[in-house]
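Colleague: 3D, please:
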Amino acid sequence: MTSPAAPPEQAKTRSLANAIRFLAMDAVEAAKSGHPGLPLGMADVATVLFGSFLKFDAADPGWPDRDRFVLSAGHGSMLLYALLWLNGYPGLTLEDLKHFRKVGSPCAGHPEYGHAPGIETTTGPLGQGITNAVGMAIAERHLNTRFGSELVDHKTYVIASDGDLEEGISHEAISLAGHLKLKNLIVLWDHNNITIDGATSLSESTDMIERFKAADWATDSCDGHDAADVFRALKAAQTSNRPVMIACRTIIGFGLPTKQGTQKAHSDAPGAEEIAGARQKLGWDYPPFVIPDDLLNQWRGIGGQGKTAHDAWKARKSASPKAGEFDAAISGVLPASLAPALAALKEKMCAEKPAGTRKYSEKVLEVINGELTTTIGGSADLTPSNNTKTKNITAITPQDFSGRYIHYGIREHGMAAAMNGMALHGGVIPYGGTFLVFSDYCRPAIRLSAIMGIRVVFVMTHDSIGVGEDGPTHQPVEHLAGLRAIPNLLVLRPADGVETTECWEIALSHPKRPSLIAFSRQDVPVARTTPIAQNLSALGAYELIGDAHAKVTFLATGSEVGIAMAAKGLLAAKGIGARVVSMPCWDLFEAQPAEYRAKVLGPGTVKVAIEAAAPMGWDRYIGADGAFVGMHSFGASGPVKDVYKHFNITPEAAADAAMKALKL
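Modeller: Numbering: from 1, shown residues only. All right, here's what the predicted structure looks like:
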């Protein structure tokens, strides 16, 4: 949207902003909880942003070339809900606002992606939204380079709080955005000097302007309650060649007669007396949840003023030779050529030599990145170890966004949250790598990815004590159990090249849930040597090696499947039949019919689970009479084979455990 030449009138802006303020006050008071401080303090800034700069069409919230608005300070969610309703977005009613923070209302305590159109991301855990926005801005720059400004040319705006900028992840986001010179990113900092405990001076003395400058951002400041000053700062930001941070000096809880400017305005329901005082102070003579027609009509006009730009965009797209390719990218639908290409690779994998599954993954990615034009890979400074960069893609740089690989630097958390933003933006499928032990650094973003139900692939290599010499600080033990506990996250741990191919296919084929694939550092034997068209890993678990007279069923994942195969051989030498079941994904196995699950687990057989990780969760499969061969402590430094032997995770130990369970 082309910004107007003249700033909006102060009185008009204040009246429009007061509509936001009183919807927020009334909703928080009705819920008897919420965070009124930010909506009241940033209402003027938001009014200028939506009224004069934000490119959007409320009638079509999914318009691909809309500007993105991210409320990183998600605790101030009533600011967003009020804006969406006032502008006429579909999916929100006044009754929804009246039921703020009630079960079933799209107006949840913090904004939740998918609950209503216009909510671009789930925010609340501070620092996540601003980092999502960095990912959105990266996606926009990449797609702009690919399709041209005729189809992709928009900005990402963020309202961030003091808390957002204090969280560690913000440092990762800010430095990455500055390095990449994301000129399409504008952050509006709610500079009110108040947190829950009191004045920010209790815990913070950083000069935020200088901090952003040091990260190569353009900076500005404005009076957040002066419409002309806000307009001036936003207009100047439009032509910046770098990301922009505008420090908006505001009064938290603006309008509350006794609480504004104090921590009591942050998250307390104001109370009837305080709201009555605010109505008198701001000249608002309307009952709760009543917006006068003239103001509502003005807001609805703002919601529709982007239609002209939207119609012009649709005309350009209709005339563009890239329209089909663009629509395919935005849809996220996988090309028909991918499945046969992966099937051919899977057949080749049956004859591969033993290798680490991370190396098998690189071969799979070579095919995926050749068939898909929408993947954007990356690594948190572990590219040679994660094997995430294939020969057929190049890196994104500040000067050239045509590449499809991001060097995130040592910013695991920032990488994970930025990938969420890229997926939310649309048009790209992000994947990024680090060591599994460092999933701890990524966990808040991984959890939000699962809550939102978006397609992000977290590549986690060096997935066990098989890390070896780097020792217990780098050897994940409890991580698989903790990650499997996250609802809607597919945790996949392939055993060989065939399963690696299948697991990548699974991850890409789930557009509404993230996947985490755990890959080994050390070489593993080839478990599947006979080509099978069916994706057996998609069953979650399956019989890898059967035995009609089995007394034992070995259950294993990843690199320990090879140990299970060897243990079966040891028992066979003693005349004891055993089966081997590979379990690459517990969640997918749990989704299978009960009859299938019972058959795979082997009724009447003793169950022995083998996994170089913590035992948590395995009891459901091995039962009270089964055995677990794995980790019960942190790891140790040493060569891989010696470490496995030290912790008694060997074929001999697995066979012995089976014998003991059989009481032989």
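Colleague: Need the three-state assignment for residue 543.
Modeller: Secondary structure, DSSP: H, G, I helix; E, B strand; the rest coil: residue 543 is strand.
Colleague: Is it bridged to anything, and to what?
Modeller: With DSSP bridges as the criterion, residue 543 is bridged to residue 581.
Colleague: residues near it, how many?
Modeller: By other C-beta atoms under 10 Å, the residues close to residue 543 number 18. For the C-beta atoms, the positions are set from N, CA and C on the backbone; glycine is no exception.
Colleague: Strands along the stretch 251-400 of the chain, start to end?
Modeller: Remark: strands of the stretch 251-400 of the chain, listed N- to C-terminal, are 355-356, 375-379; assignment by DSSP state E, counting those that start in this stretch.
Colleague: got it, and the stretch 551-664 of the chain?
Modeller: Ranges of strands in the stretch 551-664 of the chain, per DSSP E, counting those that start in this stretch, are 577-582, 606-611, 627-630.
Colleague: Let's have these in CSV, adding mean pLDDT.
Modeller: Compiled in CSV, the strands of the stretch 551-664 of the chain are given as follows (pLDDT from 0 to 100):
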stretch, mean pLDDT
strand 577-582, 98
strand 606-611, 98
strand 627-630, 98
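Colleague: and the nearest residue to residue 549 once chain neighbours are set aside, bridged to which residues?
Modeller: Beyond its immediate neighbours in the sequence, the residue positioned closest to residue 549 (C-beta to C-beta, 6 or more residues apart in numbering) is residue 577, lying 4.1 Å away. Residue 577 forms beta bridges with residue 550, as assigned by DSSP bridges.
Colleague: Correct me if wrong: residue 577 contacts residue 569.
Modeller: No - using C-beta atoms under 8 Å as the test, residue 577 is too far from residue 569 to be in contact (11.7 Å).
Colleague: if we can go back for a sec, need the winner for burial among the strands of the stretch 551-664 of the chain.
Modeller: The densest packing among the strands of the stretch 551-664 of the chain, expressed as mean neighbour count by mean count of other C-beta atoms under 10 Å, is seen in strand 606-611 with a mean of 26.
Colleague: For it, give me every contacting residue.
Modeller: Outside strand 606-611, the residues within contact range by C-beta atoms under 8 Å, 6 or more residues apart in numbering are 480, 551-558, 560, 563-564, 567, 601, 615, 618, 621-623, 625-630, 649, 654, 657-658, 661-662.
Colleague: Also stretch 274-284?
Modeller: For stretch 274-284, contacts defined as C-beta under 8 Å, 6+ apart pick out 18, 21-22, 25-26, 29, 255-259, 270, 285.
Colleague: Can you tell me how far the residue nearest to residue 549 is from residue 600?
Modeller: Taken as C-beta to C-beta, to the nearest Å, the spacing of residue 577 relative to residue 600 amounts to 16 Å.
Colleague: related to what we said a few turns ago, among the contacts of strand 606-611, name the ones in helices.
Modeller: Counting by DSSP state H, the contacts of strand 606-611 place 480, 560, 563-564, 567, 601, 621-622, 654, 657-658, 661 in helices.
Colleague: Got the confidence number for the residue lying closest to residue 258 once chain neighbours are set aside?
Modeller: Closest residue to residue 258 apart from its sequence neighbours, by C-beta to C-beta, 6+ apart: residue 274 at 6.4 Å. Listed pLDDT for residue 274 reads 98.
Colleague: what number of residues lie near residue 274?
Modeller: 23.
Colleague: could I get stretch 296-307 in CSV with only the CA atoms?
Modeller: As requested, C-alpha coordinates have been extracted for stretch 296-307 and formatted as CSV (Å, rounded to 0.1, in the frame of the first residue of the first chain):
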residue,chain,number,x,y,z
LEU,A,296,-16.8,1.4,13.3
ASN,A,297,-17.5,2.5,9.7
GLN,A,298,-14.1,4.3,9.7
TRP,A,299,-12.4,1.2,10.9
ARG,A,300,-14.2,-1.0,8.3
GLY,A,301,-13.1,1.5,5.7
ILE,A,302,-9.5,1.0,6.8
GLY,A,303,-10.1,-2.8,6.5
GLY,A,304,-11.1,-2.4,2.9
GLN,A,305,-8.7,0.3,1.7
GLY,A,306,-6.2,-2.4,0.6
LYS,A,307,-8.7,-3.8,-2.0
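Colleague: mean confidence for it?
Modeller: Confidence over stretch 296-307, taken as the mean pLDDT, stands at 98.
Colleague: Only the buried residues of it, if you could.
Modeller: The neighbour-count check on stretch 296-307 (16 or more other C-beta atoms under 10 Å) flags 298-299, 302-303, 305-306 as buried.
Colleague: And the contacts of that stretch?
Modeller: By C-beta under 8 Å, 6+ apart, the list of residues contacting stretch 296-307 from outside reads 1, 12, 16, 19, 50-51, 54-59, 66, 86-89, 291.
Colleague: Whichever of those end up buried, select them in PyMOL.
Modeller: Selecting just the buried residues from the contacts of stretch 296-307 in PyMOL takes one command, with 16+ other C-beta under 10 Å as the test:
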select buried, resi 1+16+19+50+51+54+55+56+57+58+66+86+87+88+89+291
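Colleague: In helices, which of the contacts of stretch 296-307 appear?
Modeller: Counted as lying in helices by DSSP H, out of these, are 12, 16, 19, 86-87.
Colleague: Is it possible to get a markdown table of those that adds pLDDT?
Modeller: Output for these, formatted as a markdown table (pLDDT from 0 to 100):
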| residue | pLDDT |
| --- | --- |
| 12 | 98 |
| 16 | 98 |
| 19 | 98 |
| 86 | 98 |
| 87 | 98 |
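Colleague: What is the end-to-end distance of stretch 105-116?
Modeller: By C-alpha to C-alpha, to the nearest Å, the extent of stretch 105-116 from end to end equals 10 Å.
Colleague: What average pLDDT does that stretch get?
Modeller: Model confidence over stretch 105-116 averages 98 on the pLDDT scale.
Colleague: cool, and stretch 170-189?
Modeller: Taken as a whole, stretch 170-189 has an average pLDDT of 98.
Colleague: The chain should start at 240 in everything you say after this.
Modeller: Sure, I'll start numbering at 240, so the last one becomes stretch 409-428.
Colleague: What are the buried residues along that stretch?
Modeller: Residues of stretch 409-428 classed as buried by neighbour count (16+ other C-beta under 10 Å): 409-417, 419-428.
Colleague: Over to stretch 738-756?
Modeller: Of the residues in stretch 738-756, those with enough neighbours to count as buried (16+ other C-beta under 10 Å) are 738-747, 752-756.
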